[in-house]
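S.K.: no sequence on this one, just coordinates:
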Ligand code: 6PG
């Protein structure tokens, strides 16, 4: 079934994060009602912090015990490091809600060997979703951001992880940052029930025009997120949408 792509343009960041929070909770309620749980992979970086804070403030009493939180990617640093996506999520959300520790699948990125951290995280995902070899998890929601170079998760232009078609999680050398990252792969992103990008700010306008309206060779990593049997939703604010032609 082809991907359904929706683009929602919100007037400002506040409206964007409120709309994103409503989408998150709506999907969660539907999933919990249908299957008793909601599985979501959170994005890192700076944009989603406001969403996580809003979820903690407005939905502190949500059925978080039915929510299972994973990470789309993680930097190769300890969870206390300023660059850690886990640290950002913990400060903005986890520390403010009641969620069982076993519901949070942190990438053990303090491991000196990034490849071992990736394998461990992959094994834990396989166990949770009770996957057979060759199967991919189907997350109810995968939150994603768009980097200024068109990367998403830690799938950067020109990096080896872009070609991964069998692993769920890999460590990926990111030359521009001279570091490894741990990331979900495209087969996982494209097996999601819904992939939701959140993009905010004028500094993203040029790249967003390229990603949403350009026909690039090779495609930007963001353009390769096309859930094969799921929804692709772009939530953007007007400053980020400024260069879109339609
Ligand atoms: C990360 C993210 C990454 C992020 C983009 C956008 O670990 O940094 O997973 O893919 O979503 O770089 O980052 P901003 O939201 O900070 O612009």
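M.R.: It's in. Worth saying up front: this structure is predicted, and the values here are computed from it rather than measured.

S.K.: mind showing which ranges of this protein have poor pLDDT?
M.R.: Counting by pLDDT under 70, the ranges of the chain that qualify are 1-2.

S.K.: so where's the longest helix in it?
M.R.: Criterion DSSP state H: the longest helix present in the chain is helix 13-35.

S.K.: do the following helix or strand past it and the ligand meet at all?
M.R.: Using DSSP states H and E, the helix or strand that directly follows helix 13-35 along the chain is strand 38-42. No - applying CB under 6 Å from any ligand atom, one finds strand 38-42 separated from the ligand by no less than 8.8 Å. Every residue, glycine included, has its C-beta placed from N, CA and C.

S.K.: need the next SSE after strand 38-42, C-terminal direction.
M.R.: By DSSP H and E, the next helix or strand past strand 38-42 is helix 49-58.

S.K.: from this protein, which residue is nearest to the ligand?
M.R.: residue 145 (2.3 Å; CB to the nearest ligand atom).

S.K.: going along the chain, name the strands of this structure.
M.R.: Shown for the chain, the strands assigned by DSSP state E span residues 4-10, 38-42, 67-71, 73-75, 141-144, 169-174, 179-184, 194-199, 231-237.

S.K.: pipe those into TSV and attach mean neighbour count per row.
M.R.: Output for the strands of the chain, formatted as TSV (neighbours: other CB atoms under 10 Å):
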stretch	mean neighbour count
strand 4-10	15
strand 38-42	24
strand 67-71	22
strand 73-75	26
strand 141-144	27
strand 169-174	22
strand 179-184	26
strand 194-199	24
strand 231-237	22
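
S.K.: make a markdown table from those strands and add distance to residue 206 to it.
M.R.: Shown next, in a markdown table, are those (distance: least, CB to CB, whole Å):
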| stretch | distance to residue 206 |
| --- | --- |
| strand 4-10 | 16 |
| strand 38-42 | 26 |
| strand 67-71 | 28 |
| strand 73-75 | 23 |
| strand 141-144 | 19 |
| strand 169-174 | 21 |
| strand 179-184 | 24 |
| strand 194-199 | 12 |
| strand 231-237 | 13 |
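
S.K.: okay, now residue 211: neighbour count?
M.R.: When neighbours are counted by other CB atoms under 10 Å, residue 211 registers 22.

S.K.: and it, what does it touch?
M.R.: Contacts for residue 211 were tallied using CB atoms under 8 Å, 6 or more residues apart in numbering; they are 146, 150, 220, 222-223.
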